[in-house]
Structure formats: C-alpha cells, structure tokens
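S.K.: pasting the sequence and the predicted model now:
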Amino acid sequence: MRLFDGTAAQLNGIYDQKVDWFGLGANYYIRGQNLKLTFEYSYTNFDNNTATSVSSNKDFSTFITQLQLIF
C-alpha cells in the first residue's frame, strides 16, 4: 500500500492544487517467480475539480494487471 498527500505549485491553471493518491497492489505467484500475476488499484483525488478545453483535474481510478512469464 502506498499513500501520497501533497500540493502542486500550479496544476492546469490552479495554484496550490492539493492532490491525494492511494495505491494498493497484490501478487499471485502461480509457479514462484517464473509465473506471476500482479494486480494494482490506485485512486487520485484533486481538491479542486475543473475541466477546460485543454485539460481537466477530475478524480480518477486505475486498475492494472500484469502477467509475468520467465522461461
């Protein structure tokens, strides 16, 4: 598990934008390091949610999976 709580000096035209990030991951070992499945979920939260024609500061989540095979 990883956590980040910080402030960006300027992000997409907003000064002192507060950003919170949370990530959680897990590994499932099928055949030791030779065959492994990895999962990671993360969530990003912006203090000021804005949307312009150029960029946006909307909260978002990501889910990543990875399959590693060593032979």
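M.R.: Thanks, I have the structure now.
S.K.: going along the chain, name the helices of this structure.
M.R.: Using DSSP state H, the chain contains no helices.
S.K.: centroid residue for it?
M.R.: Nearest to the mean C-alpha position of the chain, counting by Cα atoms, centre = their mean, stands Ser42 at 3.9 Å.
S.K.: distance of it relative to Arg31?
M.R.: 27 Å (Cβ to Cβ, to the nearest Å). Glycine gets a C-beta too; all of them are placed from N, C-alpha and C.
S.K.: hang on, Tyr29 packs against Lys36?
M.R.: Yes: under the criterion of Cβ atoms under 8 Å, Tyr29 makes contact with Lys36 at 5.3 Å.
S.K.: what about the strands in this structure?
M.R.: 2-11, 14-29, 35-46, 60-69 (DSSP state E).
S.K.: and the third one, what's buried?
M.R.: Residues of strand 35-46 classed as buried under the neighbour-count rule (16 or more other Cβ atoms under 10 Å) are 36, 42, 44, 46.
S.K.: cool, the longest one as well?
M.R.: For strand 14-29, burial by neighbour count (16+ other Cβ under 10 Å) applies to Gln17.
S.K.: and the angle from that strand to strand 35-46?
M.R.: 160 degrees (axes from the mean of the first three to the mean of the last three Cα atoms, to 10 degrees).
S.K.: okay, strand 14-29 in CSV with CA atoms only?
M.R.: Coordinates of each C-alpha in strand 14-29 appear next as CSV, following Å, rounded to 0.1, in the frame of the first residue of the first chain:
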residue,chain,number,x,y,z
ILE,A,14,-4.9,26.1,-10.4
TYR,A,15,-2.5,27.3,-7.8
ASP,A,16,-1.8,25.2,-4.6
GLN,A,17,-3.8,22.3,-6.0
LYS,A,18,-4.0,19.6,-3.3
VAL,A,19,-3.6,16.0,-4.7
ASP,A,20,-4.2,12.8,-2.7
TRP,A,21,-3.1,9.5,-4.2
PHE,A,22,-3.7,6.0,-2.8
GLY,A,23,-2.4,2.7,-4.3
LEU,A,24,-2.9,-0.9,-3.3
GLY,A,25,-1.4,-4.0,-5.0
ALA,A,26,-1.1,-7.7,-4.8
ASN,A,27,0.9,-10.5,-6.4
TYR,A,28,-0.3,-14.0,-7.0
TYR,A,29,2.6,-16.5,-7.5
